[in-house]
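1. Next input, structure requested:
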Amino acid sequence: MADISAIPLKRIDGASDSLANHKGNVLLVVNVASKCGLTPQYEGLEALYGKYKDKGFEVLGFPANDFGAQEPGTHEEIAEFCKVNYGVSFPLFAKADVTGPGKQPLYAGLIEAVPEKQGPATEFRERLKGFGMSPTEDPEVLWNFEKFVIGKDGDVVARFAPGTTPDDPALVGTIEAELAK
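-> Numbers count the residues shown, from 1 in each chain. Okay, here's the model as predicted:
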């Protein structure tokens, strides 16, 4: 598998970044959207970030418009929405695809590292279909707010389905276990 820490990334404000700049921290990488039924997860993500950031934890938000056109805004609009509505202080990155043939290299690497999700993926997929939506099939990112946990050493250690909330015991337990290493 390729080293995902070296992949060039752009912050939502245009600044250059990479996961290498965050090495030594436990990371929660989440594809986010402003107009999704799961958008209130921003509140839980910010709470999780606030609780553990002083212990070496970061949430990294990656806006994507892949699912139901639920992130149509510009970078400025997305940043403003997140700050005003949810007090988001964790890093946000430039909007880019997380699924399909044009997916950003980071997400290709994350999916390759952990192709299977934990949590209620099958039920979530069926619920989306019931709403007339077209979710992806595995191993692709299923929908907005899918979560990848990266350990201090840069290895992808877990992947959680979109319906897994930021306060879910399995997710929090994974983060705490990685922080303890």
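2. Now the helix or strand of the chain with the lowest mean pLDDT: buried residues?
-> Across the helices and strands of the chain, mean pLDDT, DSSP states H and E gives its lowest value to helix 121-130, namely a mean of 92. Counting neighbours by 16 or more other CB atoms under 10 Å, one finds that the buried residues in helix 121-130 are 121, 124-125, 128. Quick note: C-beta positions are derived from backbone N, CA and C, even for glycine.
3. same deal with stretch 92-105?
-> Buried residues in stretch 92-105, counting neighbours by 16+ other CB under 10 Å, are found at 92-99, 103-104.
4. Write down the beta-bridge partners of the residue sitting nearest the centre point of the chain, one by one.
-> Taking CA atoms, centre = their mean, the centroid of the chain lies closest to residue 30, which sits 0.7 Å from it. With DSSP bridges applied, residue 30 shows beta-bridge pairing to residue 61, residue 147.
5. Could you measure from it over to residue 160?
-> According to CB to CB, to the nearest Å, residue 30 stands 9 Å off from residue 160.
6. Name the spans of this protein whose pLDDT lies under the cut-off.
-> Low-confidence regions of the chain, defined by pLDDT under 70, span residues 1-2.
7. For residue 50, pull up the helix or strand it's in.
-> Residue 50 belongs to helix 41-52 when assigned by DSSP states H and E.
8. contacting residues around that helix?
-> With contacts defined as CB atoms under 8 Å, 6 or more residues apart in numbering, helix 41-52 is touched by 26, 28, 30, 32, 57-59, 61, 82, 85-90, 145, 165-167, 172, 175, 179.
9. Strands - which of those residues land there?
-> 26, 28, 30, 32, 57-59, 61 (DSSP state E).
10. Max pairwise distance over the residues you listed: which two?
-> 26 and 32 (18.5 Å; CB to CB).
11. the more surrounded of the two?
-> residue 32 (28 against 24; other CB atoms under 10 Å).
12. for the residue nearest to that one when sequence neighbours are not counted, what are its contacts?
-> Closest residue in space to residue 32, ignoring its immediate chain neighbours: residue 61 at 4.6 Å, by CB to CB, 6 or more residues apart in numbering. Residue 61 makes contacts with 30, 32, 45, 82, 88, 90-93, as judged by CB under 8 Å, 6+ apart.
13. And residue 61, how far from residue 106?
-> 13 Å.
14. swap in residue 76?
-> If you go by CB to CB, the gap between residue 76 and residue 106 works out to 22 Å.
15. Of these two, which one has the most company?
-> For residue 76 versus residue 106, the count of surrounding residues by other CB under 10 Å is larger for residue 106: 22 against 10.
16. any idea which helix or strand carries the more buried one?
-> Counting by DSSP H and E, residue 106 is found in helix 105-113.
17. Quick check: which helices or strands does that helix pack against?
-> Here helix 105-113 touches strand 26-32, strand 156-160, going by 3 or more CB pairs under 8 Å, 6 or more residues apart in numbering; DSSP states H and E.
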